[in-house]
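*Asks:* could you work out the structure for the sequence below:
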Amino acid sequence: MTTTTAPPFDPSTVVRGYTSAQWTMKEDWYAAELNKIQISDSPSIVDIQQTAVQIDVLLSMARLDYAFVNQRYDLYSMQLKIEEKRQFVDLKLQPPSQYSGLKLTVDDMKGVVASVINTTPWDNTSRTLYELVQMSSTRNIFMEAVIKVLQDKKDLLITHSGMLKIESSMSSMQPNVTPTPRNFGQDSQY
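*Replies:* Presented below is the predicted three-dimensional model:
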């Protein structure tokens with residue numbers, strides 16, 4: 001009987017889901033990659049092209065990671081809304097024995113529902129639904145920031161590229177009017 005071990009996690013690849021440790025590595029990897037992209041005050045056309053490719057590759061990966069993270073966030077948010085409503089109705093129709101003789105207000109019922117959801121593991125994990133929503137929200141916000149930074153860097157490259165084109169066209173321009181010498185001494189009439 002042979003045992004196969006999974007290859008080590010590579011944060012430069014996109015997968016549907018990440019463990020907490022993998023996600024931390026993924027965040028660190030994105031931060032390092034973003035820090036590597038430095039745009040000088042006056043880049044050459046080659047610098048712009050190379051950096052544009054670098055940004056494009058990273059932006060494509062970030063958008064895929066964001067799509068998976070956003071799907072998970074939407075799923076858990078929707079499940080939380082449904083579970084809160086289900087728990088609320090269950091509590092109203094068949095209150096547990098400790099609440100059967102009490103007249104609970106809506107706020108009391110919301111508190112009981114929140115307490116139940118906050119202590120019940122969800123989706124075959126050790127985390128509660130509130131924790132899953134919070135975790136996926138945090139990942140979602142991080143990926144939005146990564147994409148925003150990459151877009152900003154891309155916009156800066158576009159600006160630099162436009163400036164290079166303007167400089168190039170201005171330096172190749174020649175005056176349209178050739179100055180003619182004036183002979184002020186002979187034929188001038190004032």
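*Asks:* quick one, what contacts the residue nearest to Q151 when sequence neighbours are not counted?
*Replies:* In space, not counting the residues next to it along the chain, Q151 is nearest to L59; the distance is 7.6 Å by C-beta to C-beta, 6 or more residues apart in numbering. From N, CA and C alone the C-beta is placed, and that goes for glycine too. Under the criterion of C-beta atoms under 8 Å, 6 or more residues apart in numbering, the contact list for L59 reads I147, L150, Q151, K154.
*Asks:* distance check, L59 against K81.
*Replies:* 32 Å (C-beta to C-beta, to the nearest Å).
*Asks:* so which residues of the chain form helices?
*Replies:* For the chain, applying DSSP state H gives helices covering 20-36, 45-93, 106-119, 129-172.
*Asks:* and the third one, what does it pack onto?
*Replies:* Helix 106-119 sits against helix 45-93, helix 129-172, with contacts defined as 3 or more C-beta pairs under 8 Å, 6 or more residues apart in numbering; DSSP states H and E.
*Asks:* so who does N140 touch?
*Replies:* Residues in contact with N140 (C-beta under 8 Å, 6+ apart) are Y66, V69, N70, Y73.
*Asks:* how about low-confidence regions in this structure?
*Replies:* When residues are selected by pLDDT under 70, those of the chain lie in 1, 174-190.
*Asks:* kindly recompute the last result at 90.
*Replies:* Where the chain drops to pLDDT under 90, the residues are 1-7, 91-105, 123, 164-190.
*Asks:* rewinding a little: right, and the helices and strands packed on helix 106-119 - which one's nearest Y30?
*Replies:* helix 129-172 (5.1 Å; C-beta to C-beta).
*Asks:* tell me what angle the closest one forms with helix 106-119.
*Replies:* 80 degrees (axes from the mean of the first three to the mean of the last three C-alpha atoms, to 10 degrees).
*Asks:* centre of the chain to helix 129-172, how far?
*Replies:* Distance, stretch centre to chain centre, for helix 129-172: 10 Å (C-alpha atoms, centre = their mean, to the nearest Å).
*Asks:* stretch 121-129 too?
*Replies:* Distance of stretch 121-129 from its chain centroid, counting by C-alpha atoms, centre = their mean, is 25 Å.
*Asks:* could you do stretch 157-173 as well?
*Replies:* Distance of stretch 157-173 from its chain centroid, counting by C-alpha atoms, centre = their mean, is 31 Å.
*Asks:* restrict it to CA atoms and write it as CSV.
*Replies:* What follows is stretch 157-173, C-alpha atoms only, in CSV (Å, rounded to 0.1, in the frame of the first residue of the first chain):
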residue,chain,number,x,y,z
LEU,A,157,1.0,52.8,-17.4
ILE,A,158,-1.6,54.0,-19.9
THR,A,159,-0.9,57.6,-18.8
HIS,A,160,2.9,57.1,-19.2
SER,A,161,2.4,55.4,-22.6
GLY,A,162,0.3,58.4,-23.7
MET,A,163,2.9,60.8,-22.6
LEU,A,164,5.6,58.9,-24.5
LYS,A,165,3.5,59.1,-27.7
ILE,A,166,3.0,62.9,-27.2
GLU,A,167,6.7,63.4,-26.6
SER,A,168,7.5,61.3,-29.7
SER,A,169,5.1,63.2,-31.9
MET,A,170,6.3,66.6,-30.6
SER,A,171,10.0,65.8,-31.2
SER,A,172,9.3,64.7,-34.7
MET,A,173,7.3,67.8,-35.6
